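[1] Here is my input, please return the structure:
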Amino acid sequence: MKSKKNIVYVSISSDMYGSSKVLLSLVMQMKSQSKEYNPIVCMPYEDGPLKDILISKGIHTIEMPVVKLTRSMLRSFKFIGLLKQYYRAKRIFKRETREMTICCIQSNTLATLFGALYCLFHKPKHIFHVHEIMDRPKIARFFFKNLLRFFSDRVVYNSEATYDFYNRIAPSLRKKSVTILNGVDRSGDEISSSEKKQIREQLFNAEDSNFLIGLVGRINRLKGHSLLLNAFKEVSEKYPNTKLCFVGSTPPDQEFYLANLRREVNSSMVADKVCFTDFQKNIFGVLESLDLVIVPSTEPESFGLIVVEAMLAKKAVIGSNIGGISTIIDADETGLLFKPNNKVELVAAISQMIEKPDVKEKIEAKAYQKAIAKYSTNTMYQKFNEVYHKLL
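    Sure, this is the predicted structure:
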């Protein structure tokens with residue numbers, strides 16, 4: 001029997017936010033369906049749900065430095081530490097794969113450089129799976145467009161927005177670029193009314209009479225938490241039964257974002273109507289317990305996985321008309337869009353969803369059907385298979 005070809009996926013972290021969820025879905029589809037390829041996942045030394053799930057499913061994992069690049073490194077040109085990480089990672093990787101033939105390494109974000117450097121001097125093909133739009137600082141544009149040009153055999157973008165951004169600033173990338181939309185599948189059955197009530201009470205201290213608005217995702221610079229908080233202050237005055245919840249945690253070593261947001265909330269007049277909840281594994285149960293999901297990103301996101309997850313949970317979504325979010329939501333059909341950073345438009349959109357439940361229900365139904373039809377993990381896997389067949 002012909003042995004399978006080994007494809008290595010390099011993950012930037014062991015969390016279960018956007019790019020990690022997509023990686024897990026792709027790897028699990030490959031494990032269950034592929035007769036040609038065997039997935040191996042490299043990840044940093046850290047505990048987290050992604051690592052736990054991969055190990056429990058029997059996926060070969062390698063813990064090692066993934067040569068993680070940060071914005072601060074780009075600004076300060078401090079790359080010496082990355083070279084030390086790389087040589088340490090290479091020793092570990094070669095030891096762990098010494099009896100294997102690796103035909104391809106796929107970097108799951110632009111921020112991990114191990115695959116790019118390793119494949120430059122060794123035989124495996126290299127694929128960048130791009131999950132971010134790096135438009136600032138200016139040095140980032142220059143660095144990443146050239147990273148894609150000279151350190152990849154194929155570039156896979158997760159949305160039309162990501163494809164357009166990089167191919168606009170580096171047109172030569174088009175010949176080796178492809179767009180494969182992120183795949184998302186619903187996990188578990190819909191929760192019951194009693195389960196929904198329990199989640200609302202325990203996580204959000206909300207009653208059935210409350211209209212519960214949620215922002216689910218990383219607490220960081222670009223997700224728009226402050227914008228939504230300021231909009232909610234006006235919404236709360238008009239609709240006293242509303243509550244706001246922030247679900248998620250900060251990236252490692254960026255806890256100050258959460259501290260700053262808590263200070264904003266505590267100094268406001270709506271502190272008693274706002275709650276914070278850490279990352280939740282049962283994301284669909286959480287989403288179903290909300291009445292409205294807001295994705296108010298202030299900078300372009302490459303995709304916006306939470307938008308599709310909310311659509312699968314049959315929840316209306318209001319999102320910034322920017323980046324990947326604007327490619328998922330059909331305005332006034334499968335969700336509402338507002339001008340980025342525009343509080344007035346955001347307040348108006350929330351008010352519309354509160355005042356017009358019939359419109360909200362129609363949007364939720366159409367959004368669910370679109371998510372099912374367009375964003376399945378099997379479709380994503382099949383398209384990656386096409387890329388692998390052509391490249392390998």
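[2] next one: phi and psi at residue 320?
    Dihedral angles of residue 320 (phi, psi; degrees, to the nearest 10) stand at phi -70, psi 140.
[3] same thing with residue 272?
    phi -80, psi -10.
[4] and it, what pLDDT?
    At residue 272, the pLDDT value in this model is 96.
[5] neighbours around it, how many?
    For residue 272, the count of nearby residues is 11 (other Cβ atoms under 10 Å). The C-beta positions use only the backbone N, C-alpha and C, and glycine is treated the same way.
[6] can you pull out the strands in the stretch 251-392 of the chain?
    Applying DSSP state E, counting those that start in this stretch to the stretch 251-392 of the chain gives strands spanning 274-277, 292-295, 317-320, 336-338.
[7] Listing request: residues of the chain with sub-threshold pLDDT.
    The model of the chain has pLDDT under 70 over residues 1-2, 71-79.
[8] Can you spell out the domain ranges of it, please?
    5-183+376-391, 193-374 (automatic domain parsing).
[9] so how far is the first one off the chain centroid?
    Taking the mean of its C-alpha atoms, domain 5-183+376-391 sits 14 Å from the chain's own mean (Cα atoms, centre = their mean, to the nearest Å).
[10] end-to-end on that domain?
    12 Å (Cα to Cα, to the nearest Å).
[11] go on, stretch 233-243?
    Per Cα to Cα, stretch 233-243 runs 10 Å from first to last residue.
[12] And for stretch 92-102?
    Across stretch 92-102, first to last residue, Cα to Cα, it's 14 Å.
[13] winner for burial among the strands of the stretch 251-392 of the chain?
    The highest mean neighbour count among those, using mean count of other Cβ atoms under 10 Å, belongs to strand 317-320: a mean of 29.
[14] so what does it touch, helix or strand wise?
    On a contact count with 3 or more Cβ pairs under 8 Å, 6 or more residues apart in numbering; DSSP states H and E, strand 317-320 meets strand 292-295, helix 305-312, helix 325-328, strand 336-338, helix 343-355.
[15] Listing partners with orientation, what would you give for that strand?
    Here strand 317-320 has these sheet partners by DSSP bridges: strand 292-295 (parallel), strand 336-338 (parallel).
[16] Quick one: the ones you listed as a markdown table, columns for distance to residue 239 too.
    Listed next are the strands paired with strand 317-320 as a markdown table, based on distance: least, Cβ to Cβ, whole Å:
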| stretch | distance to residue 239 |
| --- | --- |
| strand 292-295 | 11 |
| strand 336-338 | 16 |
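[17] For residue 283, find the nearest of the helices and strands packed on strand 317-320.
    In terms of Cβ to Cβ, the element of the helices and strands packed on strand 317-320 nearest to residue 283 is helix 305-312, at 6.1 Å.
[18] What residues of the closest one count as buried?
    Applying a neighbour-count criterion of 16 or more other Cβ atoms under 10 Å, one finds 305-312 buried in helix 305-312.
[19] how about the helices in the stretch 151-300 of the chain?
    Taking DSSP state H, counting those that start in this stretch to define them, one finds helices in the stretch 151-300 of the chain at 160-169, 193-204, 225-238, 256-266, 283-289.
[20] Among those helices, which comes closest to residue 65?
    helix 256-266 (24.8 Å).
[21] List the contacts of that closest one.
    Helix 256-266 is contacted from outside by 219-221, 225-226, 229, 246, 249-250, 271, 274, 276, using Cβ atoms under 8 Å, 6 or more residues apart in numbering.
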